[in-house]
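>>> One predicted model, sequence on top.
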Amino acid sequence: MEPGGTCFCGSTGTGPAVSEEYDLAYARLGGRVVFKVGSRKGLELVEELGLPRASEGVLKEYREAIDRARKLASRIPVVESFSKILEESATKEELWKEVSARCVGCANCNMVCPTCFCTEFIDSADLSGRGKRERLWFGCLSYTYGQVAGLHYRPELFMRYRHFVLHKFVFYQKQVGLAGCVGCGRCVTWCPVGVDLRETVQKVMNHVGR
Ligand code: SF4
Ligand code: SF4
């Protein structure tokens, strides 16, 4: 059981083991698969399959593997310790220009992020008099996302990247009481130019102070 090289779910407190809202979770442990029951439905399934109960030795191995994975996936400090610092960094434009210097605004990070949900509306009409309004899944890193009524509320790329990061760790918290980042590392994996959210957080922390 090894976390991916870009995962940091230990820092966001969302992994590596699931702890609520599931029926059945599983983990590979050497040549075995260990199932963890989270609900009555999960229990019924395990009973139906006739799976044997794990021994104390296997459970110990499982807990150790989870602890090891958590340490490996704790590549930045825990979110609670830096969200205030990120908020304070919002006015430091030179810093955000520096940390976003490589970003090309492709919005890959938005498209692979499991918590990004923004959409954009496209209106069109044809000569028959009919029109249609389409809702497209979109991302805040795209230039057109911030265009409203002929103006733009985040015209520079660093503003869009700053918004992406602050939304994950500051605004989401205010909106729903949880961080908007689960530490999956997908945005790091799929960024074509190697922008790394973990490096951004670390740089901002170093600059603004702990
Ligand atoms: S690491 Fe966080 S911001 Fe990046 S894709 Fe995963 S949830 Fe989204
Ligand atoms: S994937 Fe990388 S280059 Fe593309 S918008 Fe996100 S941070 Fe910028």
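Everything's here; your move. Ligands and ions are numbered 1, 2, ... in the order given.

>>> three-state assignment of C116?
Following DSSP: H, G, I helix; E, B strand; the rest coil, we place C116 in the coil state.

>>> now it: how far from K168?
Computed as Cβ to Cβ, to the nearest Å, the C116 to K168 distance reads 9 Å. Where you see a C-beta, it was placed from the backbone N, CA and C, and this is true even at glycine.

>>> what's the answer for E98, then?
From E98 across to K168, the span is 19 Å (Cβ to Cβ).

>>> Tell me which of these two has more neighbours.
Neighbour totals were compared for E98 and K168, and K168 leads with 24 against 14 (other Cβ atoms under 10 Å).

>>> So that one sits against C181, correct?
Yes - the pair K168 and C181 qualifies as a contact (Cβ atoms under 8 Å) at a distance of 4.1 Å.

>>> if I look at those two, which residues touch both of them?
T115, L197 (Cβ atoms under 8 Å, 6 or more residues apart in numbering).

>>> So what's the residue count around V112?
Per other Cβ under 10 Å, the neighbour tally for V112 reads 17.

>>> Which stretches in the chain count as strands?
Ranges of strands in the chain, per DSSP state E, are 24-29, 32-37, 119-125, 131-137, 147-148, 151-152.

>>> So which of these is nearest ligand 1?
The minimum distance between ligand 1 and the strands of the chain falls on strand 131-137, with 14.3 Å, by Cβ to the nearest ligand atom.

>>> who's in contact with that closest one?
Where contact means Cβ under 8 Å, 6+ apart, the residues beyond strand 131-137 that reach it are M111, C118, T119, E120, F121, I122, D123, S124, A125.

>>> Before I go, just wanted to say thanks for your time.
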